[in-house]
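got a sequence here, can you build the structure:
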Amino acid sequence: MSSFVTGATGFIGRHLVSELVDHREGPIFVLVRPSSLSRMETMVQQWTRGSDSSRVVPVIGDLGEPGLGVDPGWVTDHVGKVDHFFHLAAIYDMTADDAAN
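Next up, the predicted model:
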């Protein structure tokens, strides 16, 4: 069983991914901006604690882009292969305008 998580580095997301690693089988795809890839790699090591870190798979994209900014080829390759989608990403800037939100 596979999962896809947006907001994996956030407060709720990081706990969810840890639970998925500990209690679910299969890959866990996590949406990550290119600028956050090094932070994500550090978190993957924390989540997997030395076990199979290949289960947590960063997917480069951006929540603010059409199609989450994910490469269309990746989407085509994974159609029907993601069992659970957890959308936890959000803008937490209370001063953000309507367009940004």
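
alpha carbons only for contacts and neighbour counts from here, please
Fine.

mind listing what's buried along the helix or strand harbouring Glu41?
Per DSSP states H and E, Glu41 falls inside helix 37-48. The neighbour-count check on helix 37-48 (16 or more other CA atoms under 10 Å) flags Met40, Met43, Val44, Trp47, Thr48 as buried.

now stretch 86-93
Leu88, Ala89.

contacting residues around that stretch?
Ser3, Phe4, Val5, Thr6, Gly7, Ala8, Gly10, Ile12, Gly13, Leu63, Ala100, Asn101 (CA atoms under 8 Å, 6 or more residues apart in numbering).

what is the least confident helix or strand in this structure?
Using mean pLDDT, DSSP states H and E, the weakest-scoring helix or strand in the chain turns out to be helix 37-48, at a mean of 89.

which of the contacts of stretch 86-93 ranks first by neighbour count?
Counting neighbours by other CA atoms under 10 Å, Ala8 comes out on top of the contacts of stretch 86-93 with 25 neighbours.

grab the nearest non-local neighbour of that residue.
In this structure, Ala8 finds its nearest non-sequential neighbour in Arg14, 5.1 Å apart by CA to CA, 6 or more residues apart in numbering.

and the two most separated of the contacts of stretch 86-93?
Across the contacts of stretch 86-93, no pair lies farther apart than Ser3 and Ala100, at 26.9 Å, counting by CA to CA.

just the element for the residue nearest to Ala8, please.
helix 11-23.

just want the most central residue of this structure.
What sits nearest the mean C-alpha location of the chain, by CA atoms, centre = their mean, is Val30, with 2.0 Å.

wait, is that residue part of a strand?
Yes - counting by DSSP: H, G, I helix; E, B strand; the rest coil, Val30 falls inside a strand.

wait, doesn't it sit right on Thr9?
No - counting by CA atoms under 8 Å, Val30 does not reach Thr9; the two are 9.0 Å apart.
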